[in-house]
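[1] Test case, fold it:
(2 chains)
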Amino acid sequence: MDLDNALIYYRGSVDDQVLMRAKTSLEQQLSVSSKIVRKMFAVFVELAQNISRHSPECNYFGKEKDDNGVGFIRVYSEEDVYYLHAGNWIMRKEAGELEEKCRQLNAMSYAELRKMKQDIFAQPKVAKQKGGRVGLIQIALRSKSPLLTKIEDHGYDDLVYFNISTKISAK
Amino acid sequence: MGDLVITGPEKPTFTPDVFLNEQTGEGLIKGESYQEDPSTFYNQLVDWFKNYFANHQAFKLDIELAYINSSCSRAMVDLFKNFQEYREQGKQLEVNWFYDPDDEDLEMLEDGEDFMAASGFELNLIALTG
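    Here you go, the predicted model:
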């Protein structure tokens, strides 16, 4: 992985404090409009919180388990385009479903994505449900770019490594 | 019951400032909201309004957010669903949802529209000036 042009590279467990530091880092490094920074941060948050909720990899402090999942997020730029790339281990059976969901979202118009978000929010929240169930939709709306996925099979029975990325144009 | 005030240097920036005044019947929620688990924060608001409307008839709330993540959006919609129930019980509850008109994508305006559609609660969508 080329880290030379990385604005942010973080690997570890993701919590609210990490997000606050990422926001400060983006604001300090980028000279683009605050609108672009806000969009990038919005996508960063959704990617990070997906890792936190869904990655089966987690840290232990002695015998104490940290409930926040572990993964990586890389933000980098090429000319006027900013790329956000996240990856984490995921259960093999979930990877195909997630890839298919991204494919479905990529085929939807902006208006259809908004309607889907509204419909999900209109439904009652399921008890113990993590998150708002619209993280991927929110990424698609804010980036206005396709969600690209890549599944890496490292030969484990139950786990594969799931990569997701998108881009935001600074123009 | 008293006021609900959440602000100050100890408050993390991923939760908005909150000022809910029992005496005046007016309030403000302002800032950003992107905590991963919004339940603790938003439950405070739900509980405060539940107690407030047990003894009062009207409230006017201004909401001025620069950014809200999807988890908090869900919590905000649930708050607005509660607000709709208060309205249906005859309470007078006015919520002004402010957005930045200089944002060419009008993201916070769209969020306000989406929250209305999902909750059934009518917001006053108002462009910030100055």
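[2] Quickly find the element holding the residue lying closest to A:Arg133 once chain neighbours are set aside.
    In this structure, A:Arg133 finds its nearest non-sequential neighbour in A:Ile120, 5.4 Å apart by C-beta to C-beta, 6 or more residues apart in numbering or on different chains. For every residue, glycine as well, the C-beta is placed using N, CA and C. In this assignment (DSSP states H and E), A:Ile120 forms part of helix A:110-122.
[3] and chain A, which of its residues are near chain B?
    Within chain A, the positions near chain B by C-beta under 8 Å from any C-beta of the partner chain are A:15-17, A:19-20, A:23, A:35, A:38-39, A:41-42, A:45-46, A:49, A:52-53, A:114, A:117-119, A:121-122, A:125, A:131-135, A:137-138, A:142.
[4] buried subset of those?
    Neighbour-count burial (16 or more other C-beta atoms under 10 Å in any protein chain shown) applied to the residues of chain A next to chain B gives A:15-16, A:19, A:23, A:38-39, A:41-42, A:45-46, A:49, A:52-53, A:114, A:117-118, A:121, A:125, A:131-135, A:137-138, A:142.
[5] Centre of the chain to the longest strand along chain A, how far?
    The single longest strand within chain A, with elements called by DSSP state E, is strand A:64-78. With C-alpha atoms, centre = their mean, to the nearest Å as the basis, strand A:64-78 stands 9 Å off its chain's centre.
[6] same for it, what does it pack against?
    With contacts taken as 3 or more C-beta pairs under 8 Å, 6 or more residues apart in numbering or on different chains; DSSP states H and E, strand A:64-78 sits against strand A:6-13, helix A:34-54, strand A:58-61, strand A:81-91.
[7] Taking strand A:6-13 as reference, get the angle to the longest one.
    Spelled out, that is helix A:34-54. In terms of direction (axes from the mean of the first three to the mean of the last three C-alpha atoms, to 10 degrees), helix A:34-54 departs from strand A:6-13 by 20 degrees.
[8] what pLDDT, on average, does helix A:34-54 get?
    In this model, helix A:34-54 carries a mean pLDDT of 91.
[9] Kindly report the same for stretch A:135-148.
    pLDDT averaged over stretch A:135-148 gives 96.
[10] contacts for that stretch?
    A:39, A:42-43, A:46-47, A:49-50, A:84, A:101-102, A:105-106, A:108, A:110, A:113-114, A:116-117, A:120, A:164-169, B:69-70, B:73, B:107 (C-beta atoms under 8 Å, 6 or more residues apart in numbering or on different chains).
[11] By mean pLDDT, which helix or strand of chain A comes out lowest?
    strand A:58-61 (a mean of 84; mean pLDDT, DSSP states H and E).
[12] May I have the strands that pair with that strand, each with its orientation?
    The pairing partners recorded for strand A:58-61 under DSSP bridges are strand A:64-78 (antiparallel).
[13] what inclination does the partner strand have with respect to strand A:81-91?
    150 degrees.
[14] From A:Lys23, how far out is the most centrally placed residue in chain A?
    The centre of chain A sits closest to A:Leu47, judged by C-alpha atoms, centre = their mean, with a distance of 1.5 Å. Look at A:Leu47 and A:Lys23: by C-beta to C-beta, to the nearest Å, they are 14 Å apart.
[15] shared neighbours of these two, which are they?
    Between them, A:Leu47 and A:Lys23 share no contacting residue under C-beta under 8 Å, 6+ apart.
[16] The contacts of stretch A:135-148, buried ones only, as a ChimeraX selection?
    Buried residues within the contacts of stretch A:135-148, by 16+ other C-beta under 10 Å, are selected in ChimeraX with:
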select /A:39,42,43,46,47,49,50,84,102,105,113,114,116,117,120,164,165,166,167,168 /B:69,70,73,107
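[17] so what's A:Tyr83 closest to, chain neighbours aside?
    Nearest non-adjacent residue to A:Tyr83 (C-beta to C-beta, 6+ apart): A:Lys167, at 4.9 Å.
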